[in-house]
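Peer 1: only geometry, no sequence info:
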């Protein structure tokens, strides 16, 4: 097991003596959580603790325009929020106990969209997208809130979007890690066509796990839906991390209720 | 597995967003190394790294009167050096990954003497003493260097010392943890009678391991003696830590070449 030395000062009787802390330098996976628009890191803390208990270092954070920087809610753009995700990623990947080659990113809705784009800019091994949102590439630097004006966005999300035409989907096309996509059956904000566009875009993942939470709405307002998602996510992370530790390659695709291979995306509902 | 949250600030575009790092809070044993008079933490760094690699947090440090505080060499007392050991112990025991109920202390010569006394002031589970020195209780606050004036100390070390008459030995009488005592066969500074006094004083250890490094001098000037001691120490720590982790009680006493139970101390040579 590798170790690392840290030089420290020890105070005694107002004097200082030199010390060296020698600690095991075990590297573990890092997991980054990206909340959705209108959400906060708070929503992910319980899940982060469950996943940290598997032996991972987890990081949750508040995107600009939320909580402490709520004053920027009307002005913050995708461009700036992507910088937030990059900054948080870099903090996590440079953590002393994190293996920078074993980073998972978990995003919901707008956070899932940003997470998909992140994979074209930073190494991501595992990507978990819950109800990932989708936006047209244009207006990248305009306030995110303005993207919802008019009916354009709603129409955009009603049919399958060709991957080549969209930045987030192009990132999915290029992504070669393990993927979890979670849909809410009764989602009126990110309809099934969007999820299908994402699943279709993953043409070369190491594995793909697609699940639908039955009866759930976009925001998982019911505590039962929240629990269902947590169970899905923790089980998936457990499989990924355990496979990693044992030096196994996670299985290609996945089987079971609600799963689909990228070649056979679910029909848009 | 327990986890812990650390609130952090993430800097992005000159702005600050709030983050929470959630990490596994696994507690591991802590190991404190106390060097001898005229020595330094440097002598213990390689051993600290080997033992950290077993999954422990190790701390080495320089006693006052040495290296950076060399100017106090002629004036520092046992009283002050014991404060050094206490301060270093407290840093180690309060380390975020250290189980304060699983602390090992490893001391050589003067450092072994101080380590024995430490056990009456702080919880110590495992105590490893290599050629532990012995001093009369009187003159506790006089400069340590003055204790060597005249022939009194040399005479004191030539015969068995009754445990009740000496602070370090009284601490050994009360000590209930696991003990390793390592003697140098050709030690002219801490003769065999001193080692016998220590071994005799441990009347209720959880286990006792006594070893002699054949042909070795007090300071282990030969690299082969150094390697022999390192191997002894690492093997003993491995047994202690592994036993601990598996929830086993380490065996009472120990067997094998050069071992002795406290009831049968080695004859003074």
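Peer 2: Alright, I've got the coordinates. All figures in this text were calculated on a predicted structure; none of them were measured in a lab.

Peer 1: what residues are up against the spatially closest residue to residue A:19 that is not a sequence neighbour?
Peer 2: Using C-beta to C-beta, 6 or more residues apart in numbering or on different chains and skipping the chain neighbours, the partner closest in space to residue A:19 is residue B:61 (3.8 Å). The C-beta positions use only the backbone N, C-alpha and C, and glycine is treated the same way. Residue B:61 makes contacts with A:10, A:17, A:18, A:19, A:20, B:33, B:41, B:84, B:88, as judged by C-beta atoms under 8 Å, 6 or more residues apart in numbering or on different chains.

Peer 1: Return the set of buried residues in the strand or helix carrying the last one.
Peer 2: Using DSSP states H and E, residue B:88 falls within helix B:78-93. Of all the residues in helix B:78-93, those buried under the rule 16 or more other C-beta atoms under 10 Å in any protein chain shown are B:78, B:80-89, B:91-93.

Peer 1: quick check, nearest of those residues to chain A?
Peer 2: residue B:87 (3.9 Å; C-beta to the nearest C-beta).

Peer 1: what ranges do the helices span in chain A?
Peer 2: A:42-52, A:78-93, A:110-118, A:152-156, A:167-174, A:192-201, A:223-245 (DSSP state H).

Peer 1: Tabulate those helices (a markdown table), appending mean pLDDT and distance to residue B:147.
Peer 2: Shown next, in a markdown table, are those (pLDDT from 0 to 100; distance: least, C-beta to C-beta, whole Å):
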| stretch | mean pLDDT | distance to residue B:147 |
| --- | --- | --- |
| helix A:42-52 | 94 | 52 |
| helix A:78-93 | 96 | 53 |
| helix A:110-118 | 98 | 65 |
| helix A:152-156 | 92 | 84 |
| helix A:167-174 | 98 | 72 |
| helix A:192-201 | 97 | 77 |
| helix A:223-245 | 90 | 54 |
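
Peer 1: Tell me which of those is the most buried.
Peer 2: The highest mean neighbour count among these, using mean count of other C-beta atoms under 10 Å in any protein chain shown, belongs to helix A:110-118: a mean of 26.

Peer 1: Contact residues of the stretch 51-200 of chain A facing chain B?
Peer 2: A:51-64, A:67-69, A:80, A:83-84, A:86-88, A:91-92, A:95, A:97 (C-beta under 8 Å from any C-beta of the partner chain).

Peer 1: any idea how far the residue nearest the centre of chain A is from chain B?
Peer 2: Among the residues of chain A, the one closest to the centroid is residue A:106, at 2.1 Å (C-alpha atoms, centre = their mean). Here residue A:106 is placed at a distance of 12 Å from chain B (C-beta to the nearest C-beta, to the nearest Å).

Peer 1: Now for that residue: which residues touch it?
Peer 2: Counting by C-beta under 8 Å, 6+ apart, residue A:106 touches A:31, A:32, A:33, A:34, A:44, A:47, A:115, A:128, A:130, A:233.

Peer 1: and with 6 Å instead?
Peer 2: Listed by C-beta atoms under 6 Å, 6 or more residues apart in numbering or on different chains, the contact partners of residue A:106 are A:33, A:128.

Peer 1: residue contacts, the closest residue to chain B within the stretch 101-250 of chain A?
Peer 2: Closest approach between the stretch 101-250 of chain A and chain B, counting by C-beta to the nearest C-beta: residue A:241, at 11.7 Å. When contacts are counted by C-beta under 6 Å, 6+ apart, residue A:241 touches A:29, A:54.

Peer 1: cutoff 8 Å now
Peer 2: A:29, A:54, A:55, A:56.

Peer 1: what's the neighbour count on the last one?
Peer 2: Put plainly, it is residue A:56. When neighbours are counted by other C-beta atoms under 10 Å in any protein chain shown, residue A:56 registers 26.

Peer 1: does it really touch residue A:237, like I thought?
Peer 2: Yes - contact criterion C-beta atoms under 8 Å: residue A:56 and residue A:237 qualify, at 7.4 Å.

Peer 1: Give me the common contacts of these two.
Peer 2: Common contact partners of residue A:56 and residue A:237 (C-beta under 8 Å, 6+ apart): A:31, A:104.

Peer 1: Need the residues that contact the helix holding residue B:88.
Peer 2: By C-beta under 8 Å, 6+ apart, helix B:78-93 touches A:8, A:10-13, A:17, A:19, A:21, B:30-32, B:34, B:57, B:59, B:61, B:63-65, B:72, B:98, B:100, B:103, B:105, B:110-111, B:114-115, B:117-118, B:121-123, B:135, B:140-141, B:144.

Peer 1: Give me the buried entries from those.
Peer 2: A:10, A:12, A:17, A:19, A:21, B:30-32, B:34, B:57, B:59, B:61, B:63-65, B:72, B:98, B:100, B:103, B:105, B:110-111, B:114-115, B:117-118, B:122, B:135, B:144.

Peer 1: shouldn't residue A:34 be in contact with residue A:116?
Peer 2: No - assessed by C-beta under 8 Å, residue A:34 is found out of contact with residue A:116, at 10.1 Å.

Peer 1: what residues are shared contacts of the two?
Peer 2: Common neighbours of residue A:34 and residue A:116 (C-beta under 8 Å, 6+ apart) are residue A:107.

Peer 1: And the pLDDT for residue A:252?
Peer 2: Per-residue pLDDT puts residue A:252 at 43.

Peer 1: Repeat that for residue A:95.
Peer 2: With respect to pLDDT, residue A:95 scores 92.

Peer 1: so how far is residue A:102 from it?
Peer 2: 12 Å (C-beta to C-beta, to the nearest Å).

Peer 1: the more surrounded of the two?
Peer 2: In this view residue A:95 and residue A:102 are compared by other C-beta under 10 Å, and residue A:102 has more residues nearby, 21 against 17.

Peer 1: residues touching the nearest residue to that one once chain neighbours are set aside, list them.
Peer 2: Closest residue in space to residue A:102, ignoring its immediate chain neighbours: residue A:29 at 4.1 Å, by C-beta to C-beta, 6+ apart. Residues near residue A:29 by C-beta under 8 Å, 6+ apart: A:55, A:56, A:57, A:98, A:99, A:102, A:103, A:104, A:125, A:126, A:241, A:244.
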